[in-house]
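# Build me a model from this:
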Amino acid sequence: MEIEKEHIYITPTELENLSDAPFSGDEENGGSEERKTEINGNWIPATSITEAKINAKAKRRLRKNSSRDSGRGDSVSDNGETLKIGAVPTSPKGKLLDRRSRSGKGRGLPKKGGAGGKGVWGTPGQVYDVEEVDIKDPNYDDDQENCVYETVVLPLDERAFEKTLTPIIQEYFEHGDTNEVSEMLKDLNLGEMKYSVPVLAVSLALEGKASHREMTSKLISDLCGTVVSKTDVEKSFDRLLKELPELVLDSPRAPQLVGQFIARAVGDGILSSTYIDGYKGTVDCIQARAALDRATVLLSMTKGGKRIDNVWGSGGGQQSVKHLVKEIDMLLKEYLLSGDVLEAERCLQELEVPHFHHELVYEAVVMVLESTGEKTFKMMLDLLKSLWRSSVITMDQMKRGYERVYCEIPDINLDVPHSYSVLERFVEECFRAGIISKPLRDLCPSRGRKRFVSEGDGGRLKLESY
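This next block holds a predicted model:
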């Protein structure tokens with residue numbers, strides 16, 4: 001009996017039921033021959049079943065991915081291929097922390113513009129108003145609105161005082177600005193230690209240079225009235241006189257120096273003129289008596305309480321150039337009168353201007369050019385030789401001084417005739433003594449010699465045209 005072949009197509013519901021059935025080896029390989037399968041008593045082609053199962057598997061995979069990664073926008077094309085639009089998360093943790101909407105809608109921006117969620121400060125640029133105090137608050141206090149909050153600085157004890165102020169005073173010796181020191185001291189709570197400020201400053205200056213002592217006197221004078229009072233200044237000098245036996249151990253000249261500080265303070269008007277008279281007949285300490293005697297002698301040298309400005313000398317870089325030139329000129333003139341090389345060297349070092357030693361070299365050479373005898377020539381040569389060997393004047397300062405003379409020799413020659421020949425001779429002697437180098441000697445200018453007899457003039461002598 002022959003059975004008629006008919007093509008019967010199944011509904012989508014039947015396709016879903018078919019999708020649950022596993023694939024056989026032949027169906028997966030999809031043989032070349034067309035096969036027929038009976039479903040519900042009907043025979044259908046094998047190719048139609050294969051396509052139906054592929055579509056059902058793709059839909060099942062889509063539903064599984066949609067429940068896992070919502071909002072990724074996966075879709076299935078007509079031929080069963082999956083189209084991926086969104087990016088696949090790298091890890092489950094990244095998917096949990098994702099703040100984008102899971103419904104697949106929106107632009108992927110954070111919720112509430114970034115102002116929502118725990119620990120969020122709010123939207124960018126948001127300005128919060130001042131919170132008003134709630135009167136009904138049980139912790140409300142009527143006096144809290146009138147409170148003024150200030151920073152409380154504890155007063156310094158003796159140990160912290162010395163540790164804090166020592167760097168300030170040492171730094172002042174470098175910059176010399178009393179206003180800066182005053183501002184820094186105002187920020188500190190000195191309490192009852194105000195009188196110790198001059199004591200510490202003087203103690204540090206005793207171990208320093210003359211310029212440091214001059215700066216200390218100016219500092220005490222400027223601080224009086226702003227940081228310390230006149231009573232504090234008197235109390236500080238009382239303490240210095242009591243501590244002189246200990247200060248002498250570190251500074252043998254402490255009694256004389258403290259006496260000069262007292263005289264300068266009286267001259268500046270920050271210490272009473274009757275301060276010294278109050279100690280007459282009541283001092284048993286030898287060092288204190290020597291300090292008061294030194295102050296009395298210095299004050300007696302002034303007329304009518306004239307201010308003592310030069311009690312510490314006139315050295316240091318704080319002096320004007322005009323004043324330093326005058327001091328160097330006086331130094332050289334005193335040396336020509338006394339001939340004491342060591343004294344001239346000591347006076348030059350007390351000026352404390354190593355950067356200005358080229359002025360002494362310049363002035364010494366000019367004095368040689370302006371002199372008429374050999375005495376000045378020999379004495380200045382000995383002075384420069386001594387200063388060079390003791391390294392008081394460096395090579396750079398010596399070179400700079402001679403170069404200044406070389407540049408100004410044309411002007412000097414207008415006032416001092418034959419200065420070129422004297423300069424050449426002095427430079428040659430300095431080179432032989434090892435004061436200057438050969439390149440510096442070769443830079444010495446020389447005036448060209450004029451010919452007195454010319455070729456073809458018949459042997460006549462030319463008139464001197466100097």
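
# List the buried residues of stretch 217-229.
For stretch 217-229, the neighbour count (16 or more other C-beta atoms under 10 Å) marks 217-224, 227-228 as buried. The C-beta positions use only the backbone N, C-alpha and C, and glycine is treated the same way.

# shaky segments in the chain?
Low-confidence segments of the chain, defined by pLDDT under 70: 1-46, 64-111, 113-114, 116-117, 144-145, 302-311, 313-318, 448-466.

# Which residue ranges of it form strands?
36-39, 42-45, 75-76, 82-83 (DSSP state E).

# Can you show me the helices along the stretch 101-250 of the chain?
Per DSSP state H, counting those that start in this stretch, the stretch 101-250 of the chain carries helices over the ranges 158-175, 178-186, 196-206, 210-223, 230-242, 244-250.

# What segments of the stretch 351-466 of the chain are helices?
In the stretch 351-466 of the chain, the segments counted as helices under DSSP H, counting those that start in this stretch are 358-370, 374-389, 395-415, 419-432, 438-442.

# Highest mean neighbour count out of these?
Using mean count of other C-beta atoms under 10 Å, the stretch among those with the greatest mean number of neighbours is helix 358-370 (a mean of 21).

# biggest helix in this structure, by residue count?
Secondary structure assigned by DSSP state H gives helix 46-68 as the longest helix of the chain.

# Mind giving me the packing neighbours of that helix?
The helices and strands touching helix 46-68, judged by 3 or more C-beta pairs under 8 Å, 6 or more residues apart in numbering; DSSP states H and E, are helix 12-19, helix 25-29, strand 36-39, strand 75-76, strand 82-83.

# Report the buried residues of it.
Neighbour-count burial for helix 46-68, counted by 16+ other C-beta under 10 Å, picks out 48-49, 52-53, 55-56, 58.

# need those in a markdown table with distance to Leu292, can you?
Below are the buried residues of helix 46-68 laid out as a markdown table (distance: C-beta to C-beta, whole Å):
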| residue | distance to Leu292 |
| --- | --- |
| Ser48 | 129 |
| Ile49 | 128 |
| Ala52 | 124 |
| Lys53 | 121 |
| Asn55 | 119 |
| Ala56 | 119 |
| Ala58 | 113 |
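
# what's the closest of those residues to Leu440?
Within those, proximity to Leu440 (C-beta to C-beta) peaks at Ala58, which comes in at 99.0 Å.

# Nearest spatial neighbour of His398, chain-adjacent residues omitted?
Residue 398: Met, not His. Val361 (5.7 Å; C-beta to C-beta, 6 or more residues apart in numbering).

# Equivalent analysis for Tyr420, please.
Arg447 (4.2 Å).

# Show me the two of the buried residues of stretch 217-229 that sit farthest apart.
Within the buried residues of stretch 217-229, Ser217 and Val227 form the most distant pair, 15.5 Å apart (C-beta to C-beta).

# give the contact list for Trp388.
398, 434-435 (C-beta atoms under 8 Å, 6 or more residues apart in numbering).

# Considering the buried residues of stretch 217-229, which is situated nearest to Asn179?
Asp222 (7.8 Å).

# and that closest one, what does it touch?
Counted by C-beta under 8 Å, 6+ apart, Asp222 has contacts 178-179, 182.

# now with 10 Å?
Asp222 makes contact with 178-179, 181-182, 268, 270, according to C-beta atoms under 10 Å, 6 or more residues apart in numbering.

# any idea which of those is the one closest to Lys375?
When the contacts of Asp222 are compared for distance to Lys375 (C-beta to C-beta), Asp268 comes out closest, at 44.5 Å.

# circling back to that earlier point, adding distance to Trp388, write the helices of the stretch 101-250 of the chain out as JSON lines.
JSON lines is the format used below for these (distance: least, C-beta to C-beta, whole Å):
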{"stretch": "helix 158-175", "distance to Trp388": "29"}
{"stretch": "helix 178-186", "distance to Trp388": "38"}
{"stretch": "helix 196-206", "distance to Trp388": "32"}
{"stretch": "helix 210-223", "distance to Trp388": "24"}
{"stretch": "helix 230-242", "distance to Trp388": "42"}
{"stretch": "helix 244-250", "distance to Trp388": "34"}
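
# Determine which of those approaches Leu342 most closely.
That would be helix 210-223 among these, by C-beta to C-beta, at 18.2 Å.

# For the closest one, what is the distance to the chain centroid?
Mean C-alpha position of helix 210-223 versus that of the full chain (C-alpha atoms, centre = their mean, to the nearest Å) differs by 26 Å.

# May I have that helix exported as PDB, CA atoms only?
Extracted as PDB, the C-alpha positions of helix 210-223 are listed here (Å, rounded to 0.1, in the frame of the first residue of the first chain):
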ATOM      1  CA  ALA A 210      81.300  93.400  66.500                       C
ATOM      2  CA  SER A 211      78.600  93.800  63.800                       C
ATOM      3  CA  HIS A 212      76.400  91.300  65.700                       C
ATOM      4  CA  ARG A 213      76.700  93.400  68.800                       C
ATOM      5  CA  GLU A 214      75.800  96.500  66.900                       C
ATOM      6  CA  MET A 215      72.700  94.700  65.500                       C
ATOM      7  CA  THR A 216      71.800  93.500  69.000                       C
ATOM      8  CA  SER A 217      71.800  97.000  70.300                       C
ATOM      9  CA  LYS A 218      69.600  98.100  67.500                       C
ATOM     10  CA  LEU A 219      67.200  95.200  68.100                       C
ATOM     11  CA  ILE A 220      66.900  95.900  71.800                       C
ATOM     12  CA  SER A 221      66.200  99.600  71.000                       C
ATOM     13  CA  ASP A 222      63.500  98.800  68.400                       C
ATOM     14  CA  LEU A 223      61.800  96.100  70.600                       C
END
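
# just the angle between it and helix 230-242, please?
150 degrees (axes from the mean of the first three to the mean of the last three C-alpha atoms, to 10 degrees).

# From Phe431, how far out is the residue nearest to Tyr420?
19 Å (C-beta to C-beta, to the nearest Å).
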